[in-house]
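Participant: Build me a model:
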Amino acid sequence: MSDLRFTLLSDGSSDQVLMPVLLWLLRRHGVSRPIQPLWADLRRHPHPPLELSDRIVAALDLYPCELLFVHRDAENLSYQHRRTEIVTALADHVDPPATAICVIPVRMQEAWLLFNEPALRRAAGNPNGQQPLAMPRIQELELLANPKAILHELLRDASGLHGRRRKKFSVQTGARRVVEFIEDFSPLFTLGAFAALDRELRETVAQLGWNEPYG
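Facilitator: Coordinates of the predicted model:
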């Protein structure tokens, strides 16, 4: 049995933080064979496509795989609206050479990083900090209007820095590092969008036999 190759086509480069989440889910559902994860960096394309259907074609052409994850943040639209958008774009690609799964955080992928305070403190470079952090309740993450702004402010607070050093603190770097310090994403199963991703991936893995013993 060969390696399992998956490609993540995302809204932007910062969404690469979803890669460890997807790896964790695949392992959770019994995929024991080696996994080759790829992020579709379409910035290297001579003419970067703008339409989602064209981006899917380019991603599959440049990053061939058995499993394609198509990410779109829900933002100010509903989960179902984004899902329909992705499914329609996939249908425009005749006979896609890969199985495709939707990844649609509500409202932004940053919401999936707001549940683990120790990871956030470590990402801010101050793991032993005692500053109180106004962490949102996990049940409210899909209701937050701007998870990215909340994550950035929490990282600044967690850093323990003040004045000029606080202003110079790179929240973008911190945001990318949070996921590195999370080993268990199971608390996110309380969120509808994450549970939907988990369910679709579980069914796909079982249907295609990717959870069979490796070797």
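Participant: Every contact and neighbour count from this point should use C-alpha atoms.
Facilitator: Will do.
Participant: List every C-alpha atom in the helix ranked longest in the chain, with coordinates, as PDB.
Facilitator: Identified as the longest helix of the chain according to DSSP state H is helix 192-208. Listed in PDB are the C-alpha atoms of helix 192-208, where the atom choice follows Å, rounded to 0.1, in the frame of the first residue of the first chain:
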ATOM      1  CA  GLY A 192     -20.600  22.200  14.300                       C
ATOM      2  CA  ALA A 193     -18.200  22.900  11.500                       C
ATOM      3  CA  PHE A 194     -15.400  20.900  13.100                       C
ATOM      4  CA  ALA A 195     -17.800  18.000  13.800                       C
ATOM      5  CA  ALA A 196     -18.900  18.100  10.100                       C
ATOM      6  CA  LEU A 197     -15.300  17.900   8.900                       C
ATOM      7  CA  ASP A 198     -14.600  15.000  11.200                       C
ATOM      8  CA  ARG A 199     -17.700  13.100  10.100                       C
ATOM      9  CA  GLU A 200     -17.000  13.500   6.400                       C
ATOM     10  CA  LEU A 201     -13.400  12.500   6.800                       C
ATOM     11  CA  ARG A 202     -14.300   9.500   8.900                       C
ATOM     12  CA  GLU A 203     -16.800   8.300   6.300                       C
ATOM     13  CA  THR A 204     -14.300   8.800   3.500                       C
ATOM     14  CA  VAL A 205     -11.400   7.000   5.200                       C
ATOM     15  CA  ALA A 206     -13.700   4.000   5.900                       C
ATOM     16  CA  GLN A 207     -15.200   4.000   2.400                       C
ATOM     17  CA  LEU A 208     -11.800   4.000   0.700                       C
END
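Participant: Who are the packing partners of that helix?
Facilitator: Secondary-structure packing of helix 192-208 (3 or more C-alpha pairs under 8 Å, 6 or more residues apart in numbering; DSSP states H and E): helix 18-28, strand 99-103.
Participant: Is it possible to get TSV of those that adds mean neighbour count and distance to Ala91?
Facilitator: Converted to TSV, the helices and strands packed on helix 192-208 look like this (neighbours: other C-alpha atoms under 10 Å; distance: least, C-alpha to C-alpha, whole Å):
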stretch	mean neighbour count	distance to Ala91
helix 18-28	17	23
strand 99-103	21	11
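Participant: Pull stretch 121-137 out as PDB, backbone CA atoms only.
Facilitator: C-alpha atoms of stretch 121-137 as PDB (Å, rounded to 0.1, in the frame of the first residue of the first chain):
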ATOM      1  CA  ARG A 121       1.200  31.100  25.900                       C
ATOM      2  CA  ARG A 122       4.000  29.000  24.500                       C
ATOM      3  CA  ALA A 123       3.400  30.400  21.000                       C
ATOM      4  CA  ALA A 124       3.700  33.900  22.500                       C
ATOM      5  CA  GLY A 125       7.100  32.900  23.900                       C
ATOM      6  CA  ASN A 126       6.000  33.200  27.500                       C
ATOM      7  CA  PRO A 127       4.900  29.700  28.600                       C
ATOM      8  CA  ASN A 128       5.100  30.400  32.400                       C
ATOM      9  CA  GLY A 129       3.200  33.800  32.100                       C
ATOM     10  CA  GLN A 130       0.600  34.500  34.800                       C
ATOM     11  CA  GLN A 131      -1.200  37.300  33.000                       C
ATOM     12  CA  PRO A 132      -5.000  36.600  33.000                       C
ATOM     13  CA  LEU A 133      -6.200  35.800  29.500                       C
ATOM     14  CA  ALA A 134      -9.800  36.400  28.400                       C
ATOM     15  CA  MET A 135     -10.100  33.100  26.600                       C
ATOM     16  CA  PRO A 136     -13.600  32.700  25.000                       C
ATOM     17  CA  ARG A 137     -15.700  29.800  25.900                       C
END
